[in-house]
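[1] here is a sequence together with a model predicted from it:
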Amino acid sequence: AEAQRLAEEAQDKAIQAKQRIEADVRRQVEAEMQRLAGQDQSKQEAEAKRLSEEVEARRAAEERANYLAQAALEAQQLAESERKQRQEEAQKRELHEGVRREAEVESQRLAEQVAEARKQYEDAKTEASREAQFRAEAEAKQKKVEGELQAVAANEAERRKLLEARAKKYIEEQAGRFEKEAQAAKQRLDEAKVLIDQEAQKREQAEAARIHAEEEAERLSQEIVEVQRQMQEMQQHITSDSQSRIGTSQRSISPGSLHDPNSGVISLTTIGSGQTSRQIPSILLKTGEVSNKKAMAALAVGVIAALVLAVGGIGIYFFAIRSTPVSTTKNINGSNGANSVSTDAPAPLKRESVMIQGGSFMMGRNDIDDKTDPFNGNQYPAHSEPVKSFSIDKYETTNSQYAEFVKAKAHKAPSYWSNGNPPSGQENYPVTNVTFADAAAYAEWVSQRETKICRLPTEIEWEYAARNGTQNTSFPWSNEWISDGARLDERPAAVGTTRDETQAGVKDMLGNVAEWTISTYSLYKGHPGKQTVDKGYNVVRGLNPTAAKELIKKPQFMLTFRDGYTKDKDYAYLGFRLVCEP
């Protein structure tokens, strides 16, 4: 714009200069012509010469004016060119200004982003510092745990050596005992063979006695028939002799009646053996009707003696047959035998283990307010826990499994048992009323018997197995609640009889009975409560029929529920299961 203004001023000045020059030349020409008109010819010539010079000068001036005009036009064109260039530059500047404004907006936005990024960086730095602190604490805890584990490993190694020595001694003792038992069994086998031979001889003798008794019974029956005939003849004779003195006084008495001392009646009952039998009719005697009483008495004594011999022979036979022992029980397959077991008693379950692969999981819960829900508040906070691989019992320890330990170690039986035996029909129920020391003693006995280290699970191992390891499920079966999935509000039942099962196959983790762990009770790290440890209480996990109703109404809290029980006491619905080395 400034260049255009200068060009216009220069053009105006050039036009004005041309006009002034033309005006001056015109005035001068007019003045000269007037002056020439009054002068003479010489002067006219001189003047003409001068005028020509002036014309030349004017032409030169015109040329100069034209040059100046051309210069002004060029200056105007230059100014116009500069104006256009300035305008283009102005447009460029406007464009650049728009770009600048956009750049400023973008810069402001970037500045805000930078500020936000700086804030995030500061937050991240703070979080990193906190994480570093946590990591340092975790590393310190890990070092501490590793130290404790090393100490435990050393103790376990020492214990393993001791157990190996004990196991070796136990194996040697068992080998000696088995050898003695084998010798005793061989001796018993020899004795059994002798007894079998004797029993065979007895059976042969009994069979001979039976045959002899049958023959004797047949013979006696024939003799008795003969005696009957003779007695009938005698009766007829006696009757005919006494008809003149007295009337007929006979009456019938049914077979099987006994001697009546008041009536003088004697009746002989049916005798016989096997298919051979005879019935002797009643012989009616009445005091005063027999003339030869001595003969009749002798005859009666003979008949009675024959009966005694026959009955004695038959008795010997049946005694020999019934003396052979017969099993009244049936084995599992339904056949009789000496090694049979009653069909009423359930087959005892053997210990089975499930392998749990190690990993890490979030133990506990964050969705609990310990102030509004103090009953479940000790589950707070959720925290990551590493777990090594281990093997855990598939079932809770049963009465029959614990009974083996009680008999082998002469250990005190639970209070609800009778004479050192569990209640009949409850062999596969979980054993209860055992203290922490009882459970630990059972674990030591199993370790010696199986020559590997077995113990109660830690609280971490128990929850890791119950929640399906790294899956962190809310319930043993899945994350969805099943109302009849576990035995919670009923008395305990046989193990493994409900749907309470983890995906790995561990049974009754949630319900049936609660279970001892080896962990001492305390609050989780990060809990706002007082971090105290009472070594007199151990953590108990899982629920039992005494679980509070408000807990059962909140199923999501049940598997992570934890409580502390006194170690030296036993409880009606508290049992245990074992963890062994892989």
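    Sure thing, it's come through.
[2] in stretch 437-448, what counts as buried?
    Under the neighbour-count criterion of 16 or more other C-beta atoms under 10 Å, stretch 437-448 has Asp438, Ala439, Ala440, Ala441, Tyr442, Ala443, Glu444, Trp445, Val446, Ser447, Gln448 buried. Every C-beta, even on glycine, is put in place using the N, C-alpha and C of the backbone.
[3] what's in contact with it?
    With contacts defined as C-beta atoms under 8 Å, 6 or more residues apart in numbering, stretch 437-448 is touched by 163, 166-167, 170, 351, 397, 402, 405, 408-409, 411-412, 434, 453-456, 516, 567-568, 570, 576, 578, 580.
[4] run through the neighbouring helices and strands of the longest helix belonging to the chain.
    Ranked by residue count and defined by DSSP state H, the top helix of the chain is helix 41-242. Here helix 41-242 touches helix 2-37, strand 271-273, strand 276-278, helix 293-322, helix 436-450, going by 3 or more C-beta pairs under 8 Å, 6 or more residues apart in numbering; DSSP states H and E.
[5] go again with 6 Å.
    helix 2-37, strand 271-273, strand 276-278, helix 293-322 (3 or more C-beta pairs under 6 Å, 6 or more residues apart in numbering; DSSP states H and E).
[6] circling back: and of the buried residues of stretch 437-448, the nearest to Leu78?
    Nearest to Leu78 among the buried residues of stretch 437-448, counting by C-beta to C-beta, is Ala443 at 109.0 Å.
[7] give me the pLDDT for the closest one.
    Looking at Ala443, its pLDDT is 97.
[8] repeat that for Ile332.
    pLDDT at Ile332 comes out at 27.
[9] between the two ends of stretch 545-556, how far is it?
    18 Å (C-alpha to C-alpha, to the nearest Å).
[10] give the buried residues for that stretch.
    Result for stretch 545-556 [16+ other C-beta under 10 Å]: buried residues Pro545, Ala547, Pro555.
[11] next: stretch 53-72.
    Result for stretch 53-72 [16+ other C-beta under 10 Å]: buried residues Glu54, Arg58, Ala61, Glu62, Arg64, Ala65, Leu68, Ala69, Ala72.
[12] name the element Val540 belongs to?
    Here Val540, judged by DSSP states H and E, is contained in strand 537-541.
[13] going on from that strand, what's the next piece of helix or strand?
    Taking DSSP H and E, what comes next after strand 537-541 is helix 549-552.
[14] buried among the contacts of stretch 437-448? Make that a ChimeraX selection.
    Buried residues within those, by 16+ other C-beta under 10 Å, are selected in ChimeraX with:
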select :163,166,167,351,397,402,405,411,434,453,454,455,456,516,567,570,576,578,580
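[15] what sits against the residue nearest to Ala494 when sequence neighbours are not counted?
    The spatially closest residue to Ala494, leaving aside those adjacent along the chain, is Asn428, at 4.3 Å (C-beta to C-beta, 6 or more residues apart in numbering). Counting by C-beta atoms under 6 Å, 6 or more residues apart in numbering, Asn428 touches Pro346, Leu349, Thr398, Ala494.
[16] show me where pLDDT drops low in the stretch 301-450 of the chain?
    Of all residues in the stretch 301-450 of the chain, those with pLDDT under 70 make up the ranges 301-345, 370-372.
[17] the strands in it, which residues?
    Remark: strands assigned in the stretch 301-450 of the chain by DSSP state E, counting those that start in this stretch are 353-356, 359-363, 383-387, 390-393.
[18] want to throw these into CSV with mean neighbour count?
    Converted to CSV, these look like this (neighbours: other C-beta atoms under 10 Å):
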stretch, mean neighbour count
strand 353-356, 17
strand 359-363, 16
strand 383-387, 15
strand 390-393, 21
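[19] the longest strand along the chain pairs with which strands?
    The strand that spans the most residues within the chain, counting by DSSP state E, is strand 514-520. Here strand 514-520 has these sheet partners by DSSP bridges: strand 537-541 (antiparallel), strand 574-575 (parallel).
[20] quick one on the thing from earlier: got JSON lines for the strands of the stretch 301-450 of the chain, with distance to Arg229 too?
    Listed next are the strands of the stretch 301-450 of the chain as JSON lines, based on distance: least, C-beta to C-beta, whole Å:
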{"stretch": "strand 353-356", "distance to Arg229": "85"}
{"stretch": "strand 359-363", "distance to Arg229": "103"}
{"stretch": "strand 383-387", "distance to Arg229": "101"}
{"stretch": "strand 390-393", "distance to Arg229": "84"}
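[21] and of those strands, who's closest to Thr470?
    Between the strands of the stretch 301-450 of the chain, strand 359-363 lies closest to Thr470; by C-beta to C-beta that is 4.4 Å.
[22] in its sheet, what does that closest one sit against?
    Checking strand 359-363 against DSSP bridges gives partners strand 383-387 (antiparallel).
[23] alpha carbons only: can I get the strand it pairs with in PDB?
    Taking Å, rounded to 0.1, in the frame of the first residue of the first chain, the C-alpha atoms of strand 383-387 are listed here in PDB:
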ATOM      1  CA  HIS A 383      -3.600 -59.100  47.500                       C
ATOM      2  CA  SER A 384      -1.500 -61.100  45.200                       C
ATOM      3  CA  GLU A 385       0.100 -64.300  46.500                       C
ATOM      4  CA  PRO A 386       2.600 -66.600  44.800                       C
ATOM      5  CA  VAL A 387       2.000 -70.400  45.200                       C
END
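[24] give me the contact list for it.
    Counting by C-beta under 6 Å, 6+ apart, Gly358, Ser360, Met362, Met363, Ile460, Tyr464 sit against strand 383-387.
[25] redo that, cut-off 8 Å
    356, 358-364, 460-461, 464, 469, 524-526.
[26] now do the strand holding Val540 against helix 436-450, angle only.
    Orientation note: strand 537-541 sits at an angle of 70 degrees relative to helix 436-450 (axes from the mean of the first three to the mean of the last three C-alpha atoms, to 10 degrees).
[27] okay, now Pro492: neighbour count?
    When neighbours are counted by other C-beta atoms under 10 Å, Pro492 registers 20.
[28] over to it. Which of the three states is it?
    coil (DSSP: H, G, I helix; E, B strand; the rest coil).
[29] for it, list the residues it contacts.
    Neighbouring residues of Pro492 by C-beta under 8 Å, 6+ apart: Tyr429, Pro430, Thr432, Asn512, Val513, Asn544, Pro545, Tyr573.
[30] out of the strands of the stretch 301-450 of the chain, nearest to Gln230?
    Using C-beta to C-beta, the strands of the stretch 301-450 of the chain put strand 390-393 closest to Gln230, at 85.3 Å.
[31] with only the CA atoms kept, save that closest one in CSV.
    The C-alpha trace of strand 390-393 is given here as CSV (Å, rounded to 0.1, in the frame of the first residue of the first chain):
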residue,chain,number,x,y,z
PHE,A,390,1.5,-79.0,45.8
SER,A,391,-0.7,-82.1,46.2
ILE,A,392,-3.9,-81.9,48.3
ASP,A,393,-6.2,-84.6,49.5
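[32] what packs against it?
    Checking 3+ C-beta pairs under 8 Å, 6+ apart, strand 390-393 ends up next to strand 353-356, helix 459-466, strand 579-580.
[33] make TSV out of those and add distance to Arg101.
    Shown next, in TSV, are those (distance: least, C-beta to C-beta, whole Å):
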stretch	distance to Arg101
strand 353-356	66
helix 459-466	62
strand 579-580	72
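[34] can you tell which of these is closest to Pro374?
    Across the helices and strands packed on strand 390-393, Pro374 has its closest neighbour in helix 459-466 (19.6 Å, C-beta to C-beta).
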